[in-house]
Every structure is written in C-alpha cells, then in structure tokens.
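1. Structure, please.
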Amino acid sequence: MFQKIKQLALIACMTQSILLAQGATKPAANVKPPAKGDQKNSVAESKPAESIEATQSTTAWNPELGILGGVALPIGDAGQVLNMGFGGKIDLNTHVPVLSFLKQKSFEIRPGVFSGVALHSVKSSSKTGNFMAIPFVVYAEIDFTSVSDSFVPYFALGSGATMAIANSTTIATSVANNVSSIDATLYAALGGKVYFGAEKKFFVKAEAAFFMIFETVSGMFVQGNMGAGVRL
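-> Down below sits the predicted model:
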C-alpha cells in the first residue's frame with residue numbers, strides 16, 4: 001500500500017513539472033505588434049536623406065541678375081557710317097520649376113530678359129552726330145551644366161524691340177537731322193559663366209553677341225560683353 005502511494009505521488013510531481021515547462025514557453029498574451037506609424041517612421045529613418053542642394057536645384061527659381069559692359073562693332077552698312085560704340089546692359093534669367101523638361105542632365109534652358117544702351121558716334125568728315133540704341137529683348141539661355149560645377153558655357157537666342165535714336169548735323173550748313181524709331185531686334189550670344197563663393201552664388205561672365213536691328217533703322221552689330229552677377 002505504501003509503495004502504491006509513493007508511485008502516485010511521483011506521477012503527480014512529473015505532471016506538475018510538465019505543466020510548468022509548458023507555461024514557461026507560452027508567449028505572453030500582452031505583447032503587442034509595433035504600431036503602423038512606428039513602422040513608417042522606422043522605414044523613413046532607414047532611407048538615405050536626399051541632398052538639399054539637389055532638391056533646391058529642381059524646386060527653386062534660382063534667378064540670376066547680371067550687369068555687363070562692353071563694346072559694339074557695327075558691320076555691313078552700319079559700319080560705313082558709325083564708329084565702334086560702347087555701352088552696357090542688365091539681364092535677368094531664371095529656372096522655371098514647373099517646366100521640368102527645361103532642365104536635363106547635360107543642359108538647362110533659362111528664359112530671361114535684358115535691357116541696356118549702346119552709343120555710337122557718326123563716322124563722317126562732313127557731319128557730326130551720334131546713334132543710340134536702347135534694346136529690350138526676351139531670350140532663352142541654354143546652360144551646358146555638364147562641363148563642370150564652376151564653369152558653365154551657354155548659348156542664348158532672343159528677339160525684341162530697340163528704341164533707335166539718331167542725331168546728325170551737317171557741318172557746312174548746320175542742318176540737323178534727327179530720327180527716332182522703335183525697331184524689331186534679333187539677338188544671339190555665345191559665352192561662359194564662372195561661379196565662385198561658398199555656395200556658388202556669384203559669377204563672372206563674358207560673351208560674344210550678334211545684334212541686328214531692322215525696319216525703320218537697320219543695322220548689324222557684333223558685341224563683346226563682360227560683367228558679373230549674383231544668383232538671388
């Protein structure tokens with residue numbers, strides 16, 4: 001009888017040990033999966049941060065303001081009556097974020113406007129006088145951005161109108177002749193910009209340009225312009 005009780009007690013102890021072992025390996029019911037918001041945050045944190053400069057180049061207008069001075073050499077018929085002239089211009093061009101096709105890997109098209117003045121003296125032994133041209137031109141500048149980060153060559157093409165004012169006086173008779181008109185204008189230029197500074201916001205630029213006025217006053221000019229500017 002004593003032996004039988006001992007066997008039952010041993011079986012009971014073994015059963016309790018098995019139950020305790022099963023309870024230890026059972027997963028806790030109170031453990032919750034991570035929230036969806038936490039999963040999104042962890043995924044976002046694991047992604048590499050985008051370059052601030054790259055983002056600004058595609059979303060910012062990045063307007064450029066330049067001031068240039070130069071010379072204008074009349075050619076053709078204008079070269080027969082006018083001497084080399086001197087003048088300057090102010091131009092403004094910009095990147096247009098909403099027109100993404102204007103900015104590619106190797107180039108960027110920047111629309112702009114410029115205005116200025118050029119003054120020529122009359123080439124004549126019998127007359128004195130001068131010729132002044134005040135253009136207003138809308139243009140598109142193609143910047144070849146793949147060359148380097150600092151040096152950007154460009155080509156520009158545009159059209160507009162020029163206020164032409166010509167004054168001359170015949171020396172022998174003192175007869176004055178004054179002409180003024182607003183004439184159609186074509187413009188093309190080839191040049192380059194060199195950026196400098198910590199953020200490449202400043203630049204110097206030089207260009208060779210072809211300038212043509214036609215209608216009431218006609219003339220062709222080859223210009224050489226040089227100046228500096230800033231990216232606003």
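2. The residue nearest in space to the middle of the chain in helix, strand or coil?
-> Centrality entry for the chain: nearest residue to the mean C-alpha point is H95, 4.2 Å, by CA atoms, centre = their mean. Put simply, H95 is coil when judged by DSSP: H, G, I helix; E, B strand; the rest coil.
3. Domain map for this structure?
-> Listed domain ranges for the chain are 2-46, 63-231 (source: automatic domain parsing).
4. The shortest one - what's its average pLDDT?
-> In this model, domain 2-46 carries a mean pLDDT of 52.
5. Of all the residues in the one helix or strand I165 maps to, which ones are buried?
-> In this assignment (DSSP states H and E), I165 forms part of strand 151-170. Using 16 or more other CB atoms under 10 Å as the test for burial, strand 151-170 gives 152, 154, 156, 158, 160-166, 168. No exception for glycine: its C-beta is placed from N, CA and C like everyone else's.
6. returning to that earlier point: can you pull the phi and psi angles for the residue nearest to the centre of the chain?
-> Main-chain dihedrals, H95, degrees, to the nearest 10: phi -90, psi 140.
7. any idea how far it is from S146?
-> 16 Å (CB to CB, to the nearest Å).
8. Tell me which helix or strand the residue nearest to G70 when sequence neighbours are not counted sits in.
-> Leaving aside its sequence neighbours, G70 sits nearest to N225 (CB to CB, 6 or more residues apart in numbering; 3.5 Å). Secondary structure assignment for N225, by DSSP H and E: strand 219-231.
9. returning to that earlier point: residues in contact with the residue nearest to the centre of the chain?
-> Contact partners of H95, counting by CB atoms under 8 Å, 6 or more residues apart in numbering, are 57, 60-63, 102-103, 108, 110.
10. List buried residues within the residues you listed.
-> 62, 102-103, 108, 110.
11. Among those residues, which are located in strands?
-> 108, 110 (DSSP state E).
12. Specify which member of the buried ones among the contacts of H95 is nearest to R231.
-> Distance to R231 across the buried ones among the contacts of H95 (CB to CB) is lowest for N62, with 5.8 Å.
13. beta partners of the residue nearest to G70?
-> Note on N225: beta-bridge partners by DSSP bridges are G70, E207.
14. Touching, it and F211? I think so.
-> No - judged on CB atoms under 8 Å, N225 makes no contact with F211 at a distance of 10.3 Å.
15. okay, the residue nearest to G70: pLDDT?
-> N225 is given a pLDDT of 98.
16. One more: the one 3 residues further on?
-> Per-residue confidence (pLDDT) for A228: 98.
17. Tell me how many other residues surround it.
-> By other CB atoms under 10 Å, the residues close to A228 number 14.
18. so it touches K201, yeah?
-> No - the criterion here is CB under 8 Å, and A228 misses it with K201 at 11.7 Å.
19. Now do the contacts for A208.
-> 189-191, 222-224.
20. Next one: the residue nearest to G70 from S168, what distance?
-> 27 Å.
21. Show me what I90 bridges to in the sheet.
-> Counting by DSSP bridges, the residues bridging with I90 are I67, S115.
22. how near is it to D183?
-> Counting by CB to CB - I90 and D183 are separated by 21 Å.
23. of these two, who's got more company?
-> Between I90 and D183, counted using other CB under 10 Å, the more crowded position is D183 (18 against 14).
24. Farthest-apart pair in the buried ones among the contacts of H95, please.
-> Largest pairwise distance in the buried ones among the contacts of H95, by CB to CB, is 12.1 Å, between N62 and L102.
25. how deep is A72 tucked in, by neighbour count?
-> 23.
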